[in-house]
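A.B. asks: coords please:
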Amino acid sequence: MFIDREISPTSTSALTLILIYMSFIKFIGTAGARFVVTKQLRSSGGVWLSVGKTNLYIDPGPGALVRCLNSKPKLEPSTLDGILLTHKHLDHSGDVNVMIEAMTDGGFKKRGVLFAPKDALEEDPVVLKYVRSYVEKIEVLKENSEYRIGEIHFSTAQRHHHRVETYGLNFKTSPHTVSLITDTKFFPELPNLYRGEILVIHVVRLKPIGDDLIDHLSIEDVKSIVKKAKPRLTVLTHFGMTMIKAKPWVVASDLEKEVGMKVIAASDGMKLDLEVATES
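C.D. replies: Numbering: from 1, shown residues only. Take a look at the predicted model:
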């Protein structure tokens, strides 16, 4: 098994070191779209990525701080090296300000990097001005650009088709590659932009809908992406109401049979060990 949902705390120092230095993705929350988030049918806390000694929080949505502190073992926000927003919608940024405070011990320890699109900072900003001085650096995400924080190297691809400035991510976490396709409407170039061994896809809808206001992927879109990108593992997350009703684990199992490649559905608190997940 390469997934772990809440490991019990231990006093064994050796295991503690493994938990600190292993490379993993923890899905703090898997909710997507406003109704699942506001009803908290799934948690909406985003994703914690650890590579070696480097910790990066991606999209701290509503509940991120509480979910981290209640995690087993606890994820301590003061150990974060950075926080990243793929875009400014509240299900991705609702807890960004309190997480900055937690990362910097209320601003008393200036530390960490904030990565965010320009419109999350300048146009109707979601990051408050007073907390911006708490971090060591603010990096503005741009199209087709590369970034580094500690042991994590990542790049953005083409800007997504979404109502606000939005970027997916490609991580090179030597020797692993992980791609994250965040919220977007499907467009022809999309499958070629994300070629990670592990492909995390935000899939809000079960079926496509002919509504220009719904800039999100459906399972039909995911099929097209996976068949072309051919990742070793596809992880579905960020579920809307139609996905929740269809039971994401069932949808993932059916999709796996159809495409002939490994597909799983993330659950709240699920931890994915990158060392094991990328094995042949």
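
A.B. asks: so residue 159 belongs to a strand, correct?
C.D. replies: No - counting by DSSP: H, G, I helix; E, B strand; the rest coil, residue 159 is not found in a strand; it is coil.

A.B. asks: pull the contacting residues for the residue lying closest to it once chain neighbours are set aside.
C.D. replies: Computed as Cβ to Cβ, 6 or more residues apart in numbering, the closest residue to residue 159 that is not its neighbour in sequence is residue 143, at 4.9 Å. Yep, even glycine has a C-beta here, placed from its N, CA and C like the rest. By Cβ atoms under 8 Å, 6 or more residues apart in numbering, the contact list for residue 143 reads 156-159, 167.

A.B. asks: how about residue 50?
C.D. replies: Contacts of residue 50 by Cβ under 8 Å, 6+ apart are 22-26, 56.

A.B. asks: and if you look at residue 148?
C.D. replies: Residue 148 neighbours (Cβ under 8 Å, 6+ apart): residue 154.

A.B. asks: let's see 10 Å
C.D. replies: By Cβ atoms under 10 Å, 6 or more residues apart in numbering, the residues touching residue 148 are 54, 113, 139, 154-155, 172.

A.B. asks: now the residues you listed as JSON lines including distance to residue 47?
C.D. replies: Output for the contacts of residue 148, formatted as JSON lines (distance: Cβ to Cβ, whole Å):
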{"residue": "54", "distance to residue 47": "14"}
{"residue": "113", "distance to residue 47": "17"}
{"residue": "139", "distance to residue 47": "18"}
{"residue": "154", "distance to residue 47": "13"}
{"residue": "155", "distance to residue 47": "17"}
{"residue": "172", "distance to residue 47": "17"}
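
A.B. asks: so which of those are in strands?
C.D. replies: Of these, the ones assigned to strands by DSSP state E are 54, 113, 139, 154-155, 172.
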